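> please find the sequence and the predicted model below.
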Amino acid sequence: MTIETFIHHLKQYQGTNVFNPWHDYDTRCDIGPQAPAIRCRQLHDYLQLRIAKARYVLVAEAAGYQGCRFSGIAITCERMLLNAHKQVHSRMVLGYDGMRTSHPDCVYMTSNPQRLHGMNEPTDTYVWGAILDNGLQPEDVLLWNIFPFHPHKSTTPFSNRTPTDTEITDGLMYTKELLSLCRSDIVIGAIGRKSTQMLENASIPVITMRHPANGGASLFRQQFAQWINRITL
C-alpha cells in the first residue's frame, strides 16, 4: 500500500450523517467544489513528511467540524494551516502554506474570527501544544482518528456526535492500513476511551491518555509528558 492508495480508500467511505472530508463537497460550507481535492493533497503531504520518520502516533476518536472536517488532517485545524494560530504554523504541518476549504460566508459560522481566519479547534491546540512543549519535532508525531471521518448530528453540519460502534469498527480498518505504512517500531498513544478500547480489542498495544475536552486538558498534558519522558529515558 502507498499513501496514494490509502487516500483513495478513504475517499470511498460513505455513511449516514457522516462527512467524508476527502470526498464530500458541501455547498453550504465549502469554499468550492475543489475543497475535497485540497484536503486530499494536504493529507497526502502531511503523511509524506511523517510516514518514514514518525516515532509516535496519537489516535483520537473522530474528525470534528472545527478541525479535520476542513483541514483534511486529523487533530489539526484550518487556522494552523493559514498561519493564524498562536503556536502552530503551516510549515510545521505541511512544510508550506496550506489552503482554506471553509467558506467565509458559511451561514453556520458564528464568529468573525472563523470568517476571517478559518476554523479553530481547542483539542487540536492542546495536542499540538503538548507535542511542541515536550520538545518533539512536528515530524516525530503522526496524528489520526480511529474513525477518520466527521460524524455529525442530522440537524447541522457544524456539530459533532460520538461515532457508533459500527462506525468505529469501520474506522479501525483505515487505522490498520495507516499503521502498515509506518515504521515497525512506531509507538501508539490513544487519546480517549473509544480509541483505546478499539485498539486494545484489536490486540494493538497502546498507552492511554485522557481526552483534553470537557475539562481534561491538564490531565492530558500531564499524561502526555509522562508518556514521552518514559519512552525517551
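Right, received. Where do you want to start?
> I'd like to know how many residues surround the closest residue to residue 124 other than its chain neighbours.
In this structure, residue 124 finds its nearest non-sequential neighbour in residue 77, 4.5 Å apart by C-beta to C-beta, 6 or more residues apart in numbering. In short, each C-beta sits where N, CA and C put it, glycine included. Applying other C-beta atoms under 10 Å, we find 28 residues neighbouring residue 77.
> all helices for the chain, in order.
3-11, 35-50, 68-71, 78-81, 90-93, 112-117, 122-133, 165-181, 193-201, 217-232 (DSSP state H).
> so which of the ones you listed is the most packed in?
Burial of those is given as mean neighbour count (mean count of other C-beta atoms under 10 Å); helix 68-71 ranks first at a mean of 32.
> what packs against it?
Contact partners of helix 68-71 among helices and strands, from 3 or more C-beta pairs under 8 Å, 6 or more residues apart in numbering; DSSP states H and E: helix 35-50, helix 78-81.
> the residue nearest to residue 124: what's it in contact with?
By C-beta atoms under 8 Å, 6 or more residues apart in numbering, the contact set of residue 77 is 66-67, 70-71, 85, 118-121, 124-125.
> how close does it get to residue 223?
For residue 77, the distance to residue 223 equals 22 Å [C-beta to C-beta, to the nearest Å].
> hang on, residue 42 packs against residue 100?
No: proximity of residue 42 to residue 100 does not meet the contact threshold set by C-beta atoms under 8 Å, at 10.6 Å.
> cool, thanks, talk later.
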